[in-house]
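*Asks:* Here you go, sequence then predicted model.
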Amino acid sequence: MRPPAPPILTASPWSFELEVRHTLPLDGSDVFLCDIRNVLADSALADDSRTIAERLADIAPVRTTCTTYFSHSGEALGGWGEPQAAVPLPHS
């Protein structure tokens, strides 16, 4: 019997399907070591006529440092553990 198909984040231009291989307890939390089993990407990200900067803007990655999340444009989105701030999708 096959396992159920994983959910797909249709609003995300890029997503990974991960399989957890090991779980390591660390200071009251867990670290997950995973294998990447599949990568799903919007076809616009494979368009070589667009610059890397344009494609990266489509992905709109969120970064984190010093316990604060930042949007692709550098806007502070909130701290770790705080309620999520609304981030407009680039395709909206």
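*Replies:* That came in fine, so what should we check first? Here the structure is a predicted model, which means the values were calculated and not measured.
*Asks:* any idea which residue sits dead centre in this protein?
*Replies:* Ser15 (6.1 Å; CA atoms, centre = their mean).
*Asks:* Could you identify the helix or strand that succeeds the helix or strand hosting it?
*Replies:* Under the criterion of DSSP states H and E, Ser15 resides in strand 14-26. Using DSSP H and E, the helix or strand that follows strand 14-26 in sequence is strand 29-41.
*Asks:* for that next one, packing partners?
*Replies:* strand 14-26 (3 or more CB pairs under 8 Å, 6 or more residues apart in numbering; DSSP states H and E). To be clear about C-beta, it is placed using only N, CA and C from the backbone, and glycine gets the same treatment.
*Asks:* So which bits of the strand it packs on are buried?
*Replies:* For strand 14-26, burial by neighbour count (16 or more other CB atoms under 10 Å) applies to Ser15.
*Asks:* residues making contact with that strand?
*Replies:* Under the criterion CB atoms under 8 Å, 6 or more residues apart in numbering, residues 6, 8-9, 30-42, 45, 59 lie in contact with strand 14-26.
*Asks:* Determine how far that strand lies from the middle of the whole chain.
*Replies:* 13 Å (CA atoms, centre = their mean, to the nearest Å).
*Asks:* average pLDDT across it?
*Replies:* Averaged across strand 14-26, pLDDT comes to 93.
*Asks:* on that earlier part again, mind saving the C-alpha coords of the strand holding Ser15 as PDB?
*Replies:* Provided in PDB are the C-alpha atoms of strand 14-26 (Å, rounded to 0.1, in the frame of the first residue of the first chain):
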ATOM      1  CA  TRP A  14       9.200  26.800  -4.600                       C
ATOM      2  CA  SER A  15       8.800  24.000  -2.100                       C
ATOM      3  CA  PHE A  16      10.700  20.900  -0.900                       C
ATOM      4  CA  GLU A  17       9.200  17.500   0.000                       C
ATOM      5  CA  LEU A  18      11.300  16.200   2.900                       C
ATOM      6  CA  GLU A  19      11.600  12.900   4.500                       C
ATOM      7  CA  VAL A  20      12.800  13.000   8.200                       C
ATOM      8  CA  ARG A  21      15.700  10.500   8.600                       C
ATOM      9  CA  HIS A  22      16.800  11.400  12.200                       C
ATOM     10  CA  THR A  23      15.400  13.400  15.000                       C
ATOM     11  CA  LEU A  24      17.900  14.800  17.500                       C
ATOM     12  CA  PRO A  25      16.800  16.300  20.800                       C
ATOM     13  CA  LEU A  26      18.700  19.500  21.600                       C
END
